[in-house]
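# Sequence and predicted structure, then a few things I'm wondering about:
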Amino acid sequence: MTAGICGNRFGRGLVCPGGVNWDLDPAACRGLLDRLRAGWRDVKGAVDVMFASPSVLDRLTGTGCVSLRTAEDFGMVGVAARACGLPRDARRLAGEIQRPVFLVQAFLEDVQHVSPPAYRSWPQ
């Protein structure tokens with residue numbers, strides 16, 4: 001859709017200080033609105049089907065839940081940390097967060113014992 005507006009899928013040249021570099025004519029606005037509506041219908045239909053499926057709901061229930069304690073132990077930051085209730089942002093706390101190096105070392109030791117080819121693919 002962005003390419004249809006400005007000729008570049010990344011929107012290069014579209015935005016400038018104070019606004020945009022050009023306006024859309026009525027026909028382009030209608031075309032964009034039609035594409036947005038079609039995209040919304042497609043996504044909504046897929047999401048409705050997905051969340052009506054008991055197997056999908058079973059797989060998602062409880063997935064991704066991380067306790068506050070685990071978030072602290074792993075040194076989580078940003079969106080993931082805030083989702084766990086930990087108000088931590090690496091941009092504001094640079095240098096204050098200790099990285100859990102021991103967890104990485106333990107993981108690599110486990111991988112080395114379980115799957116040598118996978119371990120060899122890790123940068124040394």
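Now that the structure is in, tell me what you want to look at.
# what's the distance between the longest helix along the chain and the middle of its chain?
Counting residues, the longest helix in the chain under DSSP state H turns out to be helix 26-51. Relative to the centre of its chain, helix 26-51 is centred 21 Å away, using CA atoms, centre = their mean, to the nearest Å.
# any idea how far S67 lies from A3?
44 Å (CB to CB, to the nearest Å). C-beta: built from backbone N, CA, C; applies to glycine.
# now do S55
Between S55 and A3 the computed distance is 37 Å (CB to CB).
# Where do the strands of this protein begin and end?
For the chain, the strands identified by DSSP state E occupy 15-16, 19-20, in order along the chain.
# got those strands as CSV, with mean pLDDT and distance to N8 columns?
Conversion of those to CSV gives the following (pLDDT from 0 to 100; distance: least, CB to CB, whole Å):
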stretch, mean pLDDT, distance to N8
strand 15-16, 89, 11
strand 19-20, 88, 13
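# more neighbours, S55 and A3?
Remark: of S55 and A3, A3 carries more neighbours, 10 against 7, as counted by other CB atoms under 10 Å.
# Just give the nearest non-adjacent residue to the more buried one, would you?
R9 (4.3 Å; CB to CB, 6 or more residues apart in numbering).
# Next one: the one you found, what pLDDT does it get?
R9 is assigned 89 on the pLDDT scale.
# Find the residue at the geometric middle of this structure.
Averaging the C-alpha coordinates of the chain gives a centre point, and the residue nearest to it by CA atoms, centre = their mean is V79 (9.3 Å).
# That one and L68: what is the separation?
Distance from V79 to L68, by CB to CB: 15 Å.
# What is the burial count for L86?
Using other CB under 10 Å, L86 is surrounded by 21 other residues.
# That one and M76 touch, don't they?
Yes. Applying CB atoms under 8 Å as the test, L86 and M76 come out as touching, 6.3 Å apart.
# Excluding chain neighbours, give the residue nearest to C6 in space.
Closest to C6 by CB to CB, 6+ apart is L14, at 4.1 Å.
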